[in-house]
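this is a predicted model, with the sequence first.
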Amino acid sequence: MDIQDKIVEVLPRLRRFAYGLTGSVERGDDLVQSACVRAIEKSNQWQVGTKFDSWMFRITKNIFTDAWRTEKVKDRVLDQIQQESESSSNHDQLENYVSLHEVRESMSKLSEEHRAILMLICVEGYSYQEASEMLNIPVGTVASRVVRARSALLVEINVLPGNGV
Amino acid sequence: MEQQKKLINLYIDGELGTLEAQEVEGMIASDSDLQQYFKDITRLNGLLNSAYELPKNKANTSHITAAIPKQKSGFLKGFSDINWMQPMALAASVAAVMVVNNYMFNTNGIDLSIIEKHITMTRYDALENKLSNESLSWNDSSDQYSVVVTPTKTYKAGNGVFCREYKEVINSNGEITSREGLACREKKNYWPSKAVVSDLFNQG
């Protein structure tokens, strides 16, 4: 399997990861697009026999980290979430309604590090070892960060009106 | 407490061996605060998976491929055929479901697969038709087996899919098991579970 096939294979999960990081499908796809371009440009840096998933997720995370450091990107993410929240407000049909938009909104309030670890461990189901390779941090740091990230998300969700996890 | 929480996270994420996992189960069983934390984290995982569930319709990925250099874009021809919805790795949910599966039916010549089917259909029926905190029950003709399902909370995903939390109490020939779960509606009367937490720690 060559590198192109591997990119195709990992793409769906990469898109979801990017969605979790950016808070919107559109921005997430932009991020994945950039990651694909960079992966192709630097394909000689990927070593056969090493985990391709880890390499692609690390590229995606690094591009996002670079972009996130500009307030402009951050503002766009928050704007997008605000728009989604407003557009979904007319769809309340069932009682005791809690929108999963609010879960994503709570995610957006977490640090970039916490979002990344939650997406990799809780959504994508990667092991701590795999996440440590993707994020280039020790496994012990992954374990500690998972606890802190989940606690932070619990706090954010619980402060939403009418919510309780 | 922080160390215990860390162990519970390791347990939920499938990072512990069998013996370590058993020790954590014992630790949780003996502490109501840790039981609540376990349920919160498991439910949080279910919410996260529902919040980031990918749409089942085929995604238009032309906007992704547009900027890929043409001479290198041959591999992208398969993009439009990729379904966003891949089997999701619900590590925590799997761990929780394994816990749930600890309950066993007594076998008195009754076809247990039929009993389980009735339980599942009762759950689907309740999630489809009952308001939160309204219950739906089913019991077999011998009254040896029964289930009471109560939806407790409703969510709506960004793609319009409804998800509901529920509680259900199962009587299996006198052995009572209760559990809580999160299920999402894939079509009418079909609500596969995303995460389930049993009351393994409450059984007397």
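Yes, it's here.

wasn't A:F64 part of a helix?
Yes - under DSSP: H, G, I helix; E, B strand; the rest coil, A:F64 falls within a helix.

now do the contacts for it.
Taking CB atoms under 8 Å, 6 or more residues apart in numbering or on different chains, we find A:F64 in contact with A:18, A:21-22, A:31, A:112. From N, CA and C alone the C-beta is placed, and that goes for glycine too.

sec struct for the closest residue to chain B within chain A, please.
Per CB to the nearest CB, A:G125 is where chain A lies closest to chain B, at 2.3 Å. Counting by three-state DSSP, the backbone at A:G125 sits in coil.

for chain B, which element, helix or strand, carries the lowest mean pLDDT?
Every helix and strand in chain B was compared by mean pLDDT, DSSP states H and E; the lowest is helix B:91-100, with a mean of 34.

let me know the next secondary structure element after that one.
helix B:112-129 (DSSP states H and E).

excluding sequence neighbours, find me the nearest residue to B:L7.
Closest residue in space to B:L7, ignoring its immediate chain neighbours: B:V24 at 5.2 Å, by CB to CB, 6 or more residues apart in numbering or on different chains.

what's near enough to touch that neighbour?
Contact analysis of B:V24 by CB under 8 Å, 6+ apart lists B:7-8, B:10-11, B:16.

can you flag which of the residues you listed belong to strands?
Of these, none are assigned to strands by DSSP state E.

tell me the one of those residues nearest chain A?
Distance to chain A, by CB to the nearest CB, is smallest for B:L10 among the contacts of B:V24, at 6.5 Å.

ok, the closest residue to that closest one other than its chain neighbours - contacts?
The shortest distance from B:L10 to any non-neighbouring residue, by CB to CB, 6+ apart, is to B:L16 (5.3 Å). By CB under 8 Å, 6+ apart, the contact list for B:L16 reads B:7, B:10, B:24.

run through the chain and note the low-pLDDT ranges.
Just going to use chain A. Residue ranges of chain A with pLDDT under 70: A:1, A:68-99, A:159-165.

not quite, go with chain B.
For chain B, the stretches flagged by pLDDT under 70 are B:54-111, B:156-160, B:198-204.

report all helices and strands that the top helix by length along it contacts.
When chain B is parsed with DSSP state H, its longest helix is helix B:32-51. Where contact means 3 or more CB pairs under 8 Å, 6 or more residues apart in numbering or on different chains; DSSP states H and E, helix B:32-51 is packed against helix A:100-108, helix A:139-158, helix B:2-12, helix B:18-29, helix B:91-100, strand B:175-184, strand B:193-198.

for B:F162, which of the ones you listed is the nearest?
strand B:175-184 (7.0 Å; CB to CB).

adjacent strands (with direction) for the closest one?
With DSSP bridges as the test, strand B:175-184 is paired with strand B:162-172 (antiparallel), strand B:193-198 (antiparallel).

between helix B:112-129 and the longest one, find me the angle.
Following axes from the mean of the first three to the mean of the last three CA atoms, to 10 degrees, one obtains 140 degrees for the angle between strand B:162-172 and helix B:112-129.

quick revisit: in a markdown table: the contacts of B:L16, plus distance to B:D143.
Shown next, in a markdown table, are the contacts of B:L16 (distance: CB to CB, whole Å):
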| residue | distance to B:D143 |
| --- | --- |
| B:L7 | 41 |
| B:L10 | 42 |
| B:V24 | 37 |
